[in-house]
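S.K.: here is my input, please return the structure:
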Amino acid sequence: MGVVIIHTSSLAQVSLTGQIRTRTELRDGQGTLPAKDAKASFFTTQRTRLNLGYAAERFRFLTSVQEVRVWGSDQSTISNLEGSKFFLHQAWGELILSDSVTIKVDNLSVKAGRQEIIYDDSRLLGNLDWLQQARRHDAVVIRFSHKGWIADAGFAFNQNHGQDTPNKSGSLYNGIPTAPVVPGTNGIGMLYKSMQYGYFARTGKLGKASLLFFKDDFQKTTTVENTTTFVPGVNSRVTVGAAVFATPSEHIKLTSAAYYQGNQDKLGNPLEAYNVTAAAAFKVYKFTTNPGFDFLSGNNTARQGKVNRRFDPLYGTPHKFWGMMDYFYAADQFGVDGSLSRSPGLLDIYLKNTFAAKENLVFTLDLHEFYAGNKVAAATEGATAEKTAAGRLGTEIDFVVNYNILKNVNIEAGYATMLGTTTLDLLKAPAANKQNTGQWAYLMLNFAPDFLAKANPGK
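M.R.: Got it, this is the predicted structure:
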């Protein structure tokens, strides 16, 4: 993060970097198919971020503050209903336990505080940097690495600030912010009460293989006469799996992964779900083509079952995998009439293409063909009906141009369209009177200065 200043007395390293990223968007069906009489929306969002880092011989430190806004949305005074705009994105300290005398490994450390948690390709755990707010966790992570072996363990425990605080009584956690902010992606609707994970990997000349064990616990609820209250105890969701990232040659990359999700969903229903994926990337001169598929299991929405088979991609980066228009596993719910319990899962067959015209100019063109992963109930037949709709959901085309104007200044423009079907209409609420085509365009300008760069001109 940024350029380093060396202090000869302590060999400390200081970094100070920033970011201003504006993104102007034209939305006419981003996230869900537009209604037939809907008009396109046009707006600009901005992220302003300042990062201060410090690294000494036995510890590291980072604090990152940011403000996110929609241009023109401010009132004379900021209402609590608008949520938090200026907040800490990261603030952590890392104690380094390894040394050259007693603990002779490449790294053994404990990292505590608000931090991004990123592993592998960000499929299940990532920082979701595309979203202006991004993603972070309040957690403790124990990190180990030595000669290509990696082993991390992470822990988190969330609590409300208010009546049931630790210095009073009770420990119920509703996991829902008081402001109208959607907690997390994937339509999960509530944050975890606690989480624990273990990540293990081995890197070598031909790539990397990894294992993940992740458990997140949600406060139990009870519903009486349509009123939901939180009660003692948690529902625990367990996700386990493995991934392989192989590079047999400089022109070929292979990726495969399989994950199982079980035990209970957030509401305590039995959970049995899985995700499998495979892809290959072939590079010829300046052109790279990347065919692959993703399958995420889902429920048979035409026949209600007792087991939830909807795979949830945890806290990853949906925007990176299932189309830039974020129809699936993002903030917009994906299920019959918008109900997650009636989500049929997803089969995504894709072909991603990249052309690096110059070192600072890159074009990408991604093609996605989407299918439901399970049966979809017809619109008027109800949750237990046998009649089903066709499984094909539509085709998405994403085109992006990325240009580095300067070392720390980048401009990116994109256009995407979804050519949807009536089945896709059923799965995006409200499921009625929609167009079959959605489109989205954006222009993003990113300034990422390194404020200490001149202090070390040799870098």
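
S.K.: middle-most residue in the chain, spatially?
M.R.: The chain has residue 317 as the residue nearest its centroid, 2.6 Å off, counting by Cα atoms, centre = their mean.

S.K.: and that one, what does it touch?
M.R.: The contact partners of residue 317, taken as Cβ atoms under 8 Å, 6 or more residues apart in numbering, are 122-123, 126-130. (Glycine included, C-beta is placed from N, CA and C.)

S.K.: now do residue 24
M.R.: 42-44, 442-444.

S.K.: repeat that for residue 312.
M.R.: Residues near residue 312 by Cβ under 8 Å, 6+ apart: 186, 188, 237, 261, 265, 273, 329.

S.K.: mind checking which of the contacts of residue 24 are buried?
M.R.: For those, a burial check counting by 16 or more other Cβ atoms under 10 Å picks out 44, 442, 444.

S.K.: thinking again about what came up before, quick check: the residue nearest to the centre of the chain vs residue 304, distance?
M.R.: According to Cβ to Cβ, to the nearest Å, residue 317 and residue 304 sit 32 Å apart.

S.K.: list the helices and strands the lengthiest strand in the chain packs on?
M.R.: Scanning the chain for the strand with the most residues, using DSSP state E, yields strand 227-249. Strand 227-249 is packed against strand 207-224, strand 252-264, with contacts defined by 3 or more Cβ pairs under 8 Å, 6 or more residues apart in numbering; DSSP states H and E.

S.K.: buried stuff in the longest one?
M.R.: The reference is to strand 207-224. Neighbour-count burial for strand 207-224 [16+ other Cβ under 10 Å]: 208, 210, 212, 214-221.

S.K.: still on that earlier bit, just the ones in strands from the buried ones among the contacts of residue 24, please.
M.R.: Reading strands off these with DSSP E, I get 44, 442, 444.

S.K.: on that earlier part again, can you add distance to residue 110 and pLDDT and give the buried residues of strand 207-224 back as JSON lines?
M.R.: JSON lines is the format used below for these (distance: Cβ to Cβ, whole Å; pLDDT from 0 to 100):
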{"residue": "208", "distance to residue 110": "24", "pLDDT": "97"}
{"residue": "210", "distance to residue 110": "21", "pLDDT": "98"}
{"residue": "212", "distance to residue 110": "20", "pLDDT": "98"}
{"residue": "214", "distance to residue 110": "19", "pLDDT": "98"}
{"residue": "215", "distance to residue 110": "20", "pLDDT": "97"}
{"residue": "216", "distance to residue 110": "21", "pLDDT": "94"}
{"residue": "217", "distance to residue 110": "22", "pLDDT": "94"}
{"residue": "218", "distance to residue 110": "26", "pLDDT": "91"}
{"residue": "219", "distance to residue 110": "27", "pLDDT": "90"}
{"residue": "220", "distance to residue 110": "31", "pLDDT": "89"}
{"residue": "221", "distance to residue 110": "34", "pLDDT": "84"}
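
S.K.: out of the residues you listed, which is nearest to residue 91?
M.R.: Nearest to residue 91 among these is residue 216, at 22.1 Å by Cβ to Cβ.

S.K.: by mean pLDDT, which helix or strand of this structure comes out lowest?
M.R.: None of the helices or strands of the chain scores lower by mean pLDDT, DSSP states H and E than strand 5-7, at a mean of 39.

S.K.: which is the next helix or strand following that one?
M.R.: Going down the chain from strand 5-7, the next helix or strand is strand 12-28, by DSSP states H and E.

S.K.: torsion angles phi and psi at residue 407?
M.R.: Main-chain dihedrals, residue 407, degrees, to the nearest 10: phi -60, psi -40.

S.K.: and it, what is it in contact with?
M.R.: Going by Cβ under 8 Å, 6+ apart, the list of residues near residue 407 is empty.

S.K.: now do 10 Å
M.R.: Residues in contact with residue 407, defined by Cβ atoms under 10 Å, 6 or more residues apart in numbering, are 360, 448-450, 453.

S.K.: name the nearest of those residues relative to residue 175.
M.R.: residue 448 (33.2 Å).

S.K.: how much space separates that closest one from residue 48?
M.R.: The gap separating residue 448 from residue 48 is 12 Å, by Cβ to Cβ.

S.K.: can you check residue 336 too?
M.R.: 40 Å.

S.K.: I'd like to know how far the closest residue to residue 54 other than its chain neighbours sits from residue 111.
M.R.: Excluding its sequence neighbours, the residue lying closest to residue 54 (Cβ to Cβ, 6 or more residues apart in numbering) is residue 61, at 4.4 Å. According to Cβ to Cβ, residue 61 stands 10 Å off from residue 111.

S.K.: what segments of the stretch 301-450 of the chain are helices?
M.R.: In the stretch 301-450 of the chain, helices defined by DSSP state H, counting those that start in this stretch lie at 318-321, 422-426, listed in chain order.

S.K.: just these: most buried one?
M.R.: helix 422-426 (a mean of 22; mean count of other Cβ atoms under 10 Å).

S.K.: chain center to it: distance?
M.R.: Chain-centre distance of helix 422-426: 25 Å, with Cα atoms, centre = their mean, to the nearest Å.

S.K.: what's that helix packed up against?
M.R.: strand 361-372, strand 376-377, strand 388-389, strand 392-406 (3 or more Cβ pairs under 10 Å, 6 or more residues apart in numbering; DSSP states H and E).

S.K.: just these: most buried one?
M.R.: Of the helices and strands packed on helix 422-426, strand 376-377 is the most buried (mean count of other Cβ under 10 Å), at a mean of 25.

S.K.: show me what that one packs onto, helices and strands only.
M.R.: Packing partners of strand 376-377 (3+ Cβ pairs under 10 Å, 6+ apart): strand 388-389, helix 422-426.

S.K.: ok, which stretches of the stretch 51-200 of the chain are strands?
M.R.: 59-70, 86-96, 107-115, 137-146, 149-157, 194-204 (DSSP state E, counting those that start in this stretch).
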